[in-house]
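[1] 3D, please:
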Amino acid sequence: MYTESDFVALSALQHFVYCPRQCALIHLEQIWSENGYTAEGREMHERVDDGKTSYRSGVRVTRSAALRSALLGVSGVADVVEWHKQDNHEEPFPVEYKRGKPKKHDADKIQLCAQAICLEEMLDIQIPAGALFYGQTKHRLDVDFDHALRESTSLAAKGVHDLFQNGVTPPPDPGPKCKLCSLKEECLPEVIAQGKSAKVYLQKLLQTLSEEEM
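    Purely as a prediction, here's the structure:
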């Protein structure tokens, strides 16, 4: 269990799973830059997170709900929580809004699962599933909070806490994900990675020359 002074932003889990360096740049170095993708995402969240409660048949919809979990050591806000009427009670169903489309990695699912764990801890209940709504496809992706996803979420939370406690921004790991990152210009993944490669090459060269002189 974490104390409240050690809580990290719930969104940091998504950033960490996507790229630990991105997570450190945003949350440790307080660097943020917006591109077209992040602007679209921000506008979507502004439309969704108006804090108003609405109703439809058998469902109460709450927005911008404050979340916290001492187990994960996180706090944040849920985009939407649907409360589905079941007999004499309501069952919460968290929904996270994303601008793009379903990903091959689990970063979005882990962020949603962390929201569910927060709600479970706050309400002393079990939440079996939630959903991700993607703006590009205009469809929901149902997400089961199974044991594997919960374990991945716990490990992601621990990874963020370890990263923040260490206080060191990880080196870049260039890949396809860098093309969509709004921090590409600040991160300079290819430049730094090439610099690292050059440094390693020079170290090996100097070591070889030194051995030849012996």
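[2] Show me what counts as buried in the lengthiest strand in the chain.
    Criterion DSSP state E: the longest strand present in the chain is strand 74-86. For strand 74-86, the buried set under the neighbour-count rule, 16 or more other CB atoms under 10 Å, comprises 74-83. All C-beta spots, glycine's among them, are computed from the backbone N, C-alpha and C.
[3] Partner strands of it and their direction?
    strand 8-9 (parallel), strand 59-69 (antiparallel), strand 89-98 (antiparallel) (DSSP bridges).
[4] chain center to the last one, what's the gap?
    Using CA atoms, centre = their mean, to the nearest Å, the mean C-alpha position of strand 89-98 is found 18 Å from that of the whole chain.
[5] In space, what's closest to residue 61 - neighbours in sequence excluded?
    With sequence-adjacent residues excluded and distances taken as CB to CB, 6 or more residues apart in numbering, residue 61 is closest to residue 54, at 4.7 Å.
[6] about what we covered before: turn the strands paired with strand 74-86 into TSV, columns for mean neighbour count, mean pLDDT and distance to residue 141.
    Shown next, in TSV, are the strands paired with strand 74-86 (neighbours: other CB atoms under 10 Å; pLDDT from 0 to 100; distance: least, CB to CB, whole Å):
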stretch	mean neighbour count	mean pLDDT	distance to residue 141
strand 8-9	18	96	23
strand 59-69	16	95	18
strand 89-98	19	94	9
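[7] May I see these arranged in a markdown table, with distance to residue 161 as well?
    Formatted as a markdown table, these follow (distance: least, CB to CB, whole Å):
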| stretch | distance to residue 161 |
| --- | --- |
| strand 8-9 | 6 |
| strand 59-69 | 12 |
| strand 89-98 | 22 |
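[8] Quick one: closest of those to residue 134.
    With respect to residue 134, and counting by CB to CB, the nearest of those is strand 89-98 at 5.2 Å.
[9] moving C-terminal of the closest one, what's the next helix or strand?
    Note on strand 89-98: by DSSP states H and E, the next helix or strand toward the C-terminus is helix 107-123.
[10] okay, the angle between that following helix and strand 59-69?
    Relative orientation of helix 107-123 versus strand 59-69 (axes from the mean of the first three to the mean of the last three CA atoms, to 10 degrees): 90 degrees.
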